[in-house]
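Peer 1: Sequence below, structure please.
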Amino acid sequence: MNQELTPRQQTILGLTVREYVKTASPVSSRALVERYELPVSSATVRSELAYLEETGHLTHPHTSAGRVPTHEGYRYFVERLLGEVELPLRERLTIVHQFHQARQNLEQWMPLAASTLARTARGAALVTAPHSRRAQYKHLQLISTQGTGVLLVLVLHGGMVRQRMLTLADPMTQDELTETSNRLNRVCFGLTAEDIGADVDALPGLDGEIAGLVADMMRQVDARASGVIYSDGLSEMLQQPEFSEGEKAHELVQVMEERSFLRRVIEEALSPEVGHVRVLVGGEGQWEQLRTCSLVLTRYGVADFSTGALGVVGPTRMFYGRAISAVRFVAELLSDLVHEAYVEEPSHEYSSGETESDSRGDRYDG
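Peer 2: This next block holds a predicted model:
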């Protein structure tokens with residue numbers, strides 16, 4: 001299983017994988033010789049195919065004279081034979097343009113990334129929203145609306161925005177509200193909900209009331225850290241010949257709908273490192289539910305600050321080069337967006353990003 005293959009065996013294995021991915025039909029020695037003009041006889045290729053079957057890289061369906069790749073064969077192909085693959089320039093420019101149009105609205109990033117990946121990689125796509133292990137305070141604005149009404153706008157590191165309407169006991173001028181928010185910005189910058197909650201009692205009057213509310217809002221964000229998984233492309237996946245059988249199709253649907261399982265796979269399969277692409281073939285012997293699938297996963301964002309994950313699910317007979325290049329390219333675009341949201345102050349923070357409003361308001365007597 002771990003024996004080193006000769007250059008000729010590597011060539012024949014690579015061509016067998018590519019041909020099977022393309023045709024979904026077992027590959028014969030004659031087909032390889034004729035279609036790829038190999039400088040050896042069919043008998044020689046047949047001998048090498050038999051050896052690759054012995055080593056566990058290929059298997060021999062009982063009804064066919066051809067071979068198909070095994071999980072081990074696909075892994076060898078991805079790790080040793082695939083090489084670097086890049087999406088065509090026209091596709092990359094189209095994707096960049098789409099993300100440029102959505103760059104001001106975080107809520108659009110994930111569904112756009114999922115639909116783009118599904119279309120480009122020709123599989124089912126998964127995307128999670130970027131989040132920190134703990135939300136960190138970046139900026140607060142208190143905006144006078146009418147009478148005693150105040151709009152609280154909380155901006156967290158990573159570009160996430162939360163809003164809430166407050167009703168004060170007594171009216172305050174915008175200058176007074178700005179002074180309050182400036183004091184809190186100096187005290188709370190970079191802190192977590194736990195840090196702010198510990199300091200609430202030391203803050204006077206309205207400052208302490210607002211800080212307590214901010215800490216509660218940030219705890220809600222922390223509670224949602226595992227978040228929603230955005231997906232796209234399942235219906236197209238079910239049209240693949242591998243899933244023509246009802247049982248296999250049912251298993252795939254179950255996998256895609258079981259969000260807690262997908263989150264566990266993502267967390268266990270990916271390290272905190274951003275940009276490293278991980279390919280899982282047939283569940284890697286660890287996840288039985290994925291035995292008919294391959295996953296191409298990576299993490300995007302700003303390491304040690306705010307990250308998410310994205311990937312493509314497909315049959316093991318996947319166009320791995322295209323899937324890997326699509327996942328890597330979309331992850332780079334999302335990383336740029338997260339970095340931009342982190343290092344730059346949005347010009348209209350309270351009108352963009354992921355927001356939360358409470359029309360009932362909260363009353364403060366401080």
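
Peer 1: Mind jotting down where the strands sit in the stretch 51-200 of the chain?
Peer 2: Applying DSSP state E, counting those that start in this stretch to the stretch 51-200 of the chain gives strands spanning 58-59, 68-69, 124-128, 137-144, 149-156, 161-168.

Peer 1: okay, those strands in TSV with mean pLDDT next?
Peer 2: Below are the strands of the stretch 51-200 of the chain laid out as TSV (pLDDT from 0 to 100):
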stretch	mean pLDDT
strand 58-59	96
strand 68-69	96
strand 124-128	94
strand 137-144	93
strand 149-156	93
strand 161-168	91
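
Peer 1: hey, which of those is tucked in deepest?
Peer 2: Comparing the strands of the stretch 51-200 of the chain by mean neighbour count (mean count of other C-beta atoms under 10 Å), strand 124-128 ranks first with a mean of 27. In this view, the C-beta of every residue, glycine as well, is placed from N, C-alpha and C.

Peer 1: For it, list the C-alpha coordinates in PDB.
Peer 2: Only the C-alpha atoms of strand 124-128 are listed here, as PDB (Å, rounded to 0.1, in the frame of the first residue of the first chain):
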ATOM      1  CA  ALA A 124     -22.200  21.000  -3.200                       C
ATOM      2  CA  ALA A 125     -20.700  23.900  -1.300                       C
ATOM      3  CA  LEU A 126     -20.400  24.700   2.400                       C
ATOM      4  CA  VAL A 127     -19.500  28.100   4.000                       C
ATOM      5  CA  THR A 128     -19.500  29.200   7.600                       C
END
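
Peer 1: residues in contact with it?
Peer 2: Residues from elsewhere that reach strand 124-128 (C-beta atoms under 8 Å, 6 or more residues apart in numbering): 110-111, 113-118, 227-234, 236-237, 256, 262-263, 266, 308-314.

Peer 1: center of this structure - which residue?
Peer 2: The centroid of the chain falls nearest to L310 when counting by C-alpha atoms, centre = their mean (1.6 Å).

Peer 1: Return the residues in contact with it.
Peer 2: L310 neighbours (C-beta under 8 Å, 6+ apart): 113-114, 117, 125-128, 297-298, 300, 327, 330-331, 334.

Peer 1: Show me the contacts of strand 124-128 that map onto strands.
Peer 2: Applying DSSP state E to those, the entries found in strands are 229-232, 308-314.

Peer 1: Looking at those, which is nearest V153?
Peer 2: G308 (23.2 Å; C-beta to C-beta).

Peer 1: which one is that closest one nearest to, not counting chain neighbours?
Peer 2: Nearest non-adjacent residue to G308, counting by C-beta to C-beta, 6 or more residues apart in numbering: P130, 4.0 Å away.

Peer 1: any idea how far that neighbour is from L334?
Peer 2: From P130 over to L334 the distance is 7 Å, taken as C-beta to C-beta, to the nearest Å.

Peer 1: So which of those two has more stuff around it?
Peer 2: With neighbours defined as other C-beta atoms under 10 Å, P130 and L334 compare such that P130 has more, 27 against 23.

Peer 1: Next up, phi/psi of the more buried one, please.
Peer 2: With angles defined as degrees, to the nearest 10, P130 sits at phi -70, psi 140.
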